[in-house]
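Chemist: A predicted structure for the sequence below; I have some questions about it.
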Amino acid sequence: MDKPVEYHIETYARHPKQLSRQERNWIKHWIEKDEEIALLYQWYRKFYGQVDAIETEKTKSTDRPAIIALKPFENNIIKKNHFVLAAETTTASKSAYQSFRSFASDDKQTLLRVLHNRDKQSIRLDIISEHMDKDDIVMIETSDTKKLLISEPGGKLELTESELSRQEITDWQRCNIHLPVLKIFLYKDRKTGAITYSFNQKDPEHVDVDIDEKQISIEFTDTDGDNIPVKMILHSGNLSRYRPVTGNICKLPVEDLSGIQSQVAFYQ
């Protein structure tokens, strides 16, 4: 049989049961005889070992960091050969994504993986972090260009190459991940239009919410200003809108809520 490609090696490392016994024996044979394939296999074992550790040790502590610095976490074998990403698929044809770049925090508890889809001409960013909740909207800020990217809930983002090019990402020397320091969930009644809310943490101090027919006011009453966020994202329907926080009061028009559930996330 021919030499296995990245799809086979990644699947063998991550989801070996998706392969037949003959395929597993074939890949194992190549790992034992080919140094490059052996190194790639060990890289995936290490990478997914970190991913699994993060997934099993997720915490909802309110003491989690607000900003996490990431540095390049390169794999020269992937970079050299542009192997095709297997992801969660069972056949190579289902995945057109290529491993492009990876970034990690110093403690390896937060990972950012950048993937390229040549067919769709798009860039996908996947964030995995011990500190991230499943509904977190994450901001990615590059220290080189000060560009601010906003993920979908759960830390995933896909952009066209016209929005974010391969060259831009190649130039990234580091980036910062911003996690929400506070989330407010807004619920709109289908019949009456009445809006109620809840927090992601129990009774947060120094936060007052006032809702009338036209707008939602969120006031931070901490007088020393240390805990007042400086950035805000409103996620409603399928849209996320970034707004800077000026002063200690944020006002949102009720008409901006396009779904029955919306999220307002605040950041340092």
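Modeler: Sure thing, it's come through.
Chemist: got the CA positions of stretch 108-127 in CSV?
Modeler: Below are the C-alpha coordinates for stretch 108-127, written out as CSV (Å, rounded to 0.1, in the frame of the first residue of the first chain):
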residue,chain,number,x,y,z
LYS,A,108,-0.3,24.7,27.3
GLN,A,109,-3.9,25.1,28.8
THR,A,110,-5.0,27.2,25.8
LEU,A,111,-4.5,26.3,22.2
LEU,A,112,-5.4,28.1,18.9
ARG,A,113,-5.3,26.1,15.7
VAL,A,114,-5.4,27.8,12.3
LEU,A,115,-6.6,25.8,9.3
HIS,A,116,-6.8,26.6,5.6
ASN,A,117,-9.5,25.4,3.2
ARG,A,118,-8.2,25.8,-0.3
ASP,A,119,-11.5,24.8,-1.9
LYS,A,120,-13.6,27.4,0.0
GLN,A,121,-10.6,29.9,0.2
SER,A,122,-11.3,30.3,3.9
ILE,A,123,-9.4,30.4,7.2
ARG,A,124,-10.8,28.6,10.3
LEU,A,125,-9.6,29.2,13.8
ASP,A,126,-10.4,26.8,16.6
ILE,A,127,-9.7,27.7,20.2
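Chemist: any buried residues in it, and which?
Modeler: For stretch 108-127, a neighbour-count test (16 or more other C-beta atoms under 10 Å) marks 109-117, 122-127 as buried. For every residue, glycine as well, the C-beta is placed using N, CA and C.
Chemist: SS state for His39?
Modeler: Small correction: residue 39 is Leu, not His. Secondary structure, DSSP: H, G, I helix; E, B strand; the rest coil: Leu39 is helix.
Chemist: residues near it, how many?
Modeler: For Leu39, the neighbour count with other C-beta atoms under 10 Å is 14.
Chemist: can you check the pLDDT for it?
Modeler: Listed pLDDT for Leu39 reads 86.
Chemist: how far away is it from Lys251?
Modeler: Distance, Leu39 to Lys251, by C-beta to C-beta, to the nearest Å: 55 Å.
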